[in-house]
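Peer 1: mind folding the following:
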Amino acid sequence: MLKLTARQEQILNLIKDAIENTGFPPTRAEIASALGFRSANAAEEHLQALARKGAIEISPGTSRGIRLREIRPSLFGSRQMALPHPALIQLSLPLVGRVAAGSPILAQEHIESESNYSIDPMLFSSKPDYLLRVRGMSMRDAGILDGDLLAVKKIDHARNGQIVVARLGDDVTVKRYRKTGTLIELLPENPDFEVITLSPEENSFTLEGLVVGLLRSWI
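Peer 2: Predicted structure coming up:
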């Protein structure tokens, strides 16, 4: 990997922090906002430079299609080299369609026909268990749009700021998670939608999974 400029190092660290804190990389607009760029195009130029230098890979057709290139020390000195891309290693993931009220999210009746897709695992920040088709626009400003596919990892707990799939009684929703003391809030990323607040006595809330990636248009 070639030497990075100070700005490129800053963007690379921002990407690493976003993946660590939320489970997936930032959008171009989020990078531009965080670093004070006038437009997302400026962020795109820096991302392309990072890709040319081997620090990241960019996947076309996805709003968060940025992945870090793993590196390891060379046996012959301090030089670092990218790990080979595992082109022959594919994940087979079921695609969950519209989820019926009150049923397990991976129940067979919710799996779309011809629903197993072979996908490069390097697209995701951690290994997902299934794909979920988005319904609605409550997470629009996070770059998650109606019809997108979310890669979801099954979990039973989450950190503040992560985007999760949650069950509330008979409904399943995708929101940003925040817990303060015993109070849980599920935050939309669209001002047209209200925050969902759960009291400590609420027993209908269950975490179904953590969003670890997004796919658009090519499935």
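Peer 1: domain assignment for this structure?
Peer 2: According to automatic domain parsing, the chain comprises the domains 6-69, 91-215.
Peer 1: save the ones you listed as JSON lines, and put in mean pLDDT and mean neighbour count too.
Peer 2: No exception for glycine: its C-beta is placed from N, CA and C like everyone else's. Shown next, in JSON lines, are the domains of the chain (pLDDT from 0 to 100; neighbours: other Cβ atoms under 10 Å):
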{"stretch": "domain 6-69", "mean pLDDT": "84", "mean neighbour count": "17"}
{"stretch": "domain 91-215", "mean pLDDT": "81", "mean neighbour count": "17"}
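Peer 1: have a look at the chain and report its longest helix.
Peer 2: Criterion DSSP state H: the longest helix present in the chain is helix 6-22.
Peer 1: alpha carbons of that helix, as CSV, please.
Peer 2: Provided in CSV are the C-alpha atoms of helix 6-22 (Å, rounded to 0.1, in the frame of the first residue of the first chain):
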residue,chain,number,x,y,z
ALA,A,6,-2.9,13.3,5.9
ARG,A,7,-6.4,13.8,4.5
GLN,A,8,-6.5,10.2,3.2
GLU,A,9,-5.4,8.9,6.6
GLN,A,10,-8.3,11.0,8.1
ILE,A,11,-10.9,9.5,5.8
LEU,A,12,-9.5,6.0,6.3
ASN,A,13,-9.8,6.4,10.1
LEU,A,14,-13.3,7.7,9.7
ILE,A,15,-14.3,4.6,7.7
LYS,A,16,-12.7,2.3,10.3
ASP,A,17,-14.5,4.1,13.1
ALA,A,18,-17.9,3.9,11.3
ILE,A,19,-17.5,0.2,10.8
GLU,A,20,-16.5,-0.4,14.4
ASN,A,21,-19.3,1.8,15.8
THR,A,22,-22.2,1.1,13.5
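Peer 1: now do that helix: distance to the chain's middle.
Peer 2: 14 Å (Cα atoms, centre = their mean, to the nearest Å).
Peer 1: do the same with stretch 143-155
Peer 2: How far stretch 143-155 lies from its chain's middle: 7 Å, per Cα atoms, centre = their mean.
Peer 1: tell me how far the ends of it are from each other?
Peer 2: End-to-end distance for stretch 143-155: 22 Å, by Cα to Cα, to the nearest Å.
Peer 1: give me the contact list for that stretch.
Peer 2: The contact list for stretch 143-155 (Cβ atoms under 8 Å, 6 or more residues apart in numbering) reads 23, 27, 29-30, 63-64, 93, 95, 119, 123-124, 126-137, 163-165, 174, 189, 207-216, 219.
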